[in-house]
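Visitor: predicted model and sequence below, questions to follow.
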Amino acid sequence: MTTSARDTIASAFQAAVDRAAADLAWPDDAKTVPVAIERPADPANGDFATSVALRLAKPLKKPPMAIAEAIRDRVPPSEMVASVEAAKPGFVNVRLSDAWVARQAEAIAAAGASYGRSTRLAGKRIQVEYISANPTGPMTVANARGGPIGDVLANVLAFAGADVQREYYVEDGGTQVKRFGLSVALRYRELFGESVELPPDAYPGEDVGIVASQIKERHGDRYRDLPLEEQSKVFAPMAIDRVVADAQRVTGKLGIHFDTWFKQSSLLESGYLTETIDELRKRGVIVERESVIFFETPEAVALRREGDEGWVLVDAQGDPKYLGTDIAYHRLCLERRGFDLKLDIWGANTEYHLAQMRIALPTLGIDPARFEVVIYQYVRFLHEGVLTRMGRRTGRFLLLEDVIDAIGKDVVRFFFLQASADRQLDFDFELAVQQSNENPAYYVQYAHARIASILRTAAERGLSSAGADVTLLTAPAEIELTKLLLRFPELLDDVLERRAPHLFTVYAVQLAGAFHSYYRDHRVVGDDASLSRARLRLVEAVQLTLKQLLGLLGISSPDKM
RNA sequence: GGGCCGUUAGCUCAGUGGAUAGAGCGGCGCUCUUCUAAAGCGCAGGUCGCGGGCUCGAUCCCCGCACGGCCCGCCA
């Protein structure tokens, strides 16, 4: 269980403001001003600061510096704080005590694998659903982006004590699947020398042909004389099984291991969609026109474009449509499967669907706060020198597995987690291969391996950190490095709060850089045995933090490189 | 027509109201008889897309515009 230094200082600021408010009889509206804590960019301004005095100046009608001084004088004394200052134009700056910081190196190293862990989400059951690519083709770099994002968020939630289930939703029940079956059937016929014409909505990718050949290898001409429609029906599930098996292999290569591969077809077979529609009907949000079942509320109507027929849940043939199925699926997870929260990772093209879901789920009495979605922008790739959107339906894509095989899972994961999900990514395969040895992922791993090397050397010389006196850590670089370690718990809070796993990579590079720099200038295993022990303890803390980070990122922590 | 995301160094990107805007790669120049040079240090490189506004203070919030991507299906 780890409380961040930031939280501790924030409480101190809050206490100081509360006391000032009481002592000086501040009016009530002063209490609405949040006591925000920030980290000054310039170390000359200390380690933490609050600008609350500047914000209070107007409601209190007093000069900000006077308010800052009043707050400064009421910050409770603490062994962790070396100084509290009021600074122009009205900041209150706190500097941590070097001695306290140095002692944290010991605390961190002693915490071991529990460093950063908390129980704040204990008892919460959370399903994280990610990737869930249509089972109609191989995993591409485009749909892979949700993988690391979802996986790392799942890791962090679990690290904070949540009971997390990782789910891959296999959408094997829809129209696209029928098309896929048809495309495979046509390719199957082609293998027997028939000349076939692909309809415009068929899948053009070569992977379809591969599935067809696999079926032919396995079953020969057994299905050759069936009518096309029959072939499509027979081949669709076979093809999907193959694709799902591939997805399991490829996600496994990425270090992603799902707890459940939930089939949409099982939901449909269970009758839960019908039951859900009945419930929606009871709640008065269903209309039927010409045998088509629509979801309809004033909000839904308002969102529709002019001329739009409505939101179809089930068509006139009785075939369930995506919105209908997805409402039932989410209801199943939140009402029957017992999750307190469902966190989905979706691609950018689902924006409209998300708006629909946000309207539909509350009509079933589901608290909207229990359904959260992280949307990520698309990955484009360089195709014949031009940036192209990937799409299986266009047959233009870059296979995830090829990329993993070429540059390794650690680099792939790191790459996807460097940019915020909001930002579109461009992937240049050639460049990625070319630069795979000059990669920030290696930079971070190398720091871990270097420390392992130091520890080996120490062991050879019979030296260990046992009984280390970390108060000997007084060099500025040692204090700075330890302060950086103290940011790790803050970072966990930020990643959780913002659902922003990319913050980990940014910090990891920063921490690795600080260590590499320290390494050059400070001999860890040296002539002075007590100083060596203290420094060993520090680098153990650094290594441990790196290991926690890499573990959360799902990247290996090598002892040798 | 409406909506969502983006626009920061040559390139890829951090920085979600604070004090002098950062990193990696690329460029130039240094540093290995050393606990791992997959590293370190230095230099060069910016009208934070443009124009307004709110604010003591804006790369960050609001409005407008431009550019790029995505969405507005009885596809998923």
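Guide: Thanks, I have it.

Visitor: all contacts plus neighbour counts: C-alpha atoms, from now on.
Guide: OK.

Visitor: then the strand or helix carrying residue A:92 to PDB, C-alphas only?
Guide: Take DSSP states H and E as the rule and residue A:92 turns out to sit in strand A:91-96. The C-alpha trace of strand A:91-96 is given here as PDB (Å, rounded to 0.1, in the frame of the first residue of the first chain):
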ATOM      1  CA  PHE A  91       2.800  30.600  -4.700                       C
ATOM      2  CA  VAL A  92       3.400  28.500  -1.700                       C
ATOM      3  CA  ASN A  93       6.400  26.300  -2.400                       C
ATOM      4  CA  VAL A  94       7.400  23.200  -0.500                       C
ATOM      5  CA  ARG A  95      10.800  21.700  -0.600                       C
ATOM      6  CA  LEU A  96      11.300  18.100   0.600                       C
END
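
Visitor: near RNA strand B at all, that strand?
Guide: Yes: Strand A:91-96 lies within reach of RNA strand B by CA under 7 Å from any atom of the strand, at A:91, A:92, A:93.

Visitor: that strand pairs with which strands, and in what direction?
Guide: Taking DSSP bridges as the criterion, strand A:91-96 sits next to strand A:48-50 (antiparallel), strand A:81-87 (antiparallel) in its sheet.

Visitor: as CSV, the residues of strand A:91-96 next to RNA strand B with neighbour count and pLDDT would be great.
Guide: Putting the residues of strand A:91-96 next to RNA strand B into CSV (neighbours: other CA atoms under 10 Å; pLDDT from 0 to 100) gives the following:
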residue, neighbour count, pLDDT
A:91, 23, 93
A:92, 29, 95
A:93, 25, 94
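
Visitor: could you dump those to CSV with distance to residue A:206?
Guide: CSV is the format used below for those (distance: CA to CA, whole Å):
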residue, distance to residue A:206
A:91, 63
A:92, 64
A:93, 62
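
Visitor: give the next helix or strand downstream of the helix or strand hosting residue A:101.
Guide: Assigned by DSSP H and E, residue A:101 belongs to helix A:98-111. Sequence-wise, the next helix or strand downstream of helix A:98-111 (DSSP H and E) is strand A:125-129.

Visitor: next, the buried residues of that next one.
Guide: By neighbour count, and taking 16 or more other CA atoms under 10 Å as the criterion, the buried residues in strand A:125-129 are A:125, A:126, A:127, A:128, A:129.

Visitor: run through the bridge partners of the third one.
Guide: Going back to what we said before, that points to residue A:127. When assigned by DSSP bridges, residue A:127 has beta-bridge partners residue A:165, residue A:342.

Visitor: that one contacts residue A:169, doesn't it?
Guide: No: using CA atoms under 8 Å, residue A:127 makes no contact with residue A:169, being 11.4 Å away.

Visitor: which residue is nearest the middle of chain A?
Guide: For chain A, the residue lying nearest the average C-alpha position, counting by CA atoms, centre = their mean, turns out to be residue A:149 (3.2 Å).

Visitor: who's in contact with it?
Guide: By CA atoms under 8 Å, 6 or more residues apart in numbering, the residues touching residue A:149 are A:345, A:416, A:417, A:421, A:501.

Visitor: between those, which sits nearest RNA strand B?
Guide: Each of these was scored against RNA strand B by CA to the nearest atom of the strand, and residue A:421 proved nearest at 6.5 Å.

Visitor: setting aside sequence neighbours, what's the nearest residue to that closest one?
Guide: Using CA to CA, 6 or more residues apart in numbering and skipping the chain neighbours, the partner closest in space to residue A:421 is residue A:376 (4.5 Å).

Visitor: RNA strand B versus the one you found, what's the distance?
Guide: Taken as CA to the nearest atom of the strand, to the nearest Å, the spacing of residue A:376 relative to RNA strand B amounts to 7 Å.

Visitor: so what's that residue bridging to?
Guide: When bridges are called by DSSP bridges, residue A:376 pairs up with residue A:347.

Visitor: neighbours of it, how many?
Guide: Around residue A:376 there are 22 other residues, counting by other CA atoms under 10 Å.

Visitor: my read is that it contacts residue A:345, right?
Guide: Yes: here residue A:376 reaches residue A:345: they are 7.5 Å apart, a contact under CA under 8 Å.

Visitor: next, show the common contact partners of the two.
Guide: residue A:146.

Visitor: between the two ends of stretch A:319-336, what distance do you get?
Guide: In stretch A:319-336, first residue to last residue: 24 Å (CA to CA, to the nearest Å).

Visitor: flag every buried residue along stretch A:293-304.
Guide: The neighbour-count criterion (16+ other CA under 10 Å) identifies A:293, A:294, A:295, A:296, A:297, A:300 as the buried residues of stretch A:293-304.

Visitor: should've said stretch A:522-535
Guide: If you call a residue buried by 16+ other CA under 10 Å, then stretch A:522-535 has these buried ones: A:524, A:525, A:530, A:531, A:532, A:533, A:534, A:535.

Visitor: export the contacts of residue A:149 as a markdown table, with columns for distance to residue A:226.
Guide: Supplementary listing: the contacts of residue A:149 in a markdown table, determined by distance: CA to CA, whole Å:
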| residue | distance to residue A:226 |
| --- | --- |
| A:345 | 40 |
| A:416 | 45 |
| A:417 | 48 |
| A:421 | 47 |
| A:501 | 50 |
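
Visitor: tell me which of these fall in strands.
Guide: Secondary structure assignment (DSSP state E) places residue A:345 from the contacts of residue A:149 within strands.

Visitor: isn't residue A:166 up against residue A:154?
Guide: Yes: counting by CA under 8 Å, residue A:166 sits close enough to residue A:154 to count as a contact (7.1 Å).

Visitor: overlap of the contact sets of these two?
Guide: residue A:128.

Visitor: and the helices in the stretch 351-500 of chain A?
Guide: With DSSP state H, counting those that start in this stretch as the definition, the stretch 351-500 of chain A shows helices at residue ranges A:351-363, A:400-407, A:409-416, A:429-434, A:440-460, A:476-498.

Visitor: would you turn these into JSON lines with mean pLDDT and mean neighbour count?
Guide: Formatted as JSON lines, the entries for those read as follows, by pLDDT from 0 to 100; neighbours: other CA atoms under 10 Å:
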{"stretch": "helix A:351-363", "mean pLDDT": "94", "mean neighbour count": "16"}
{"stretch": "helix A:400-407", "mean pLDDT": "89", "mean neighbour count": "17"}
{"stretch": "helix A:409-416", "mean pLDDT": "92", "mean neighbour count": "22"}
{"stretch": "helix A:429-434", "mean pLDDT": "77", "mean neighbour count": "13"}
{"stretch": "helix A:440-460", "mean pLDDT": "94", "mean neighbour count": "20"}
{"stretch": "helix A:476-498", "mean pLDDT": "94", "mean neighbour count": "19"}
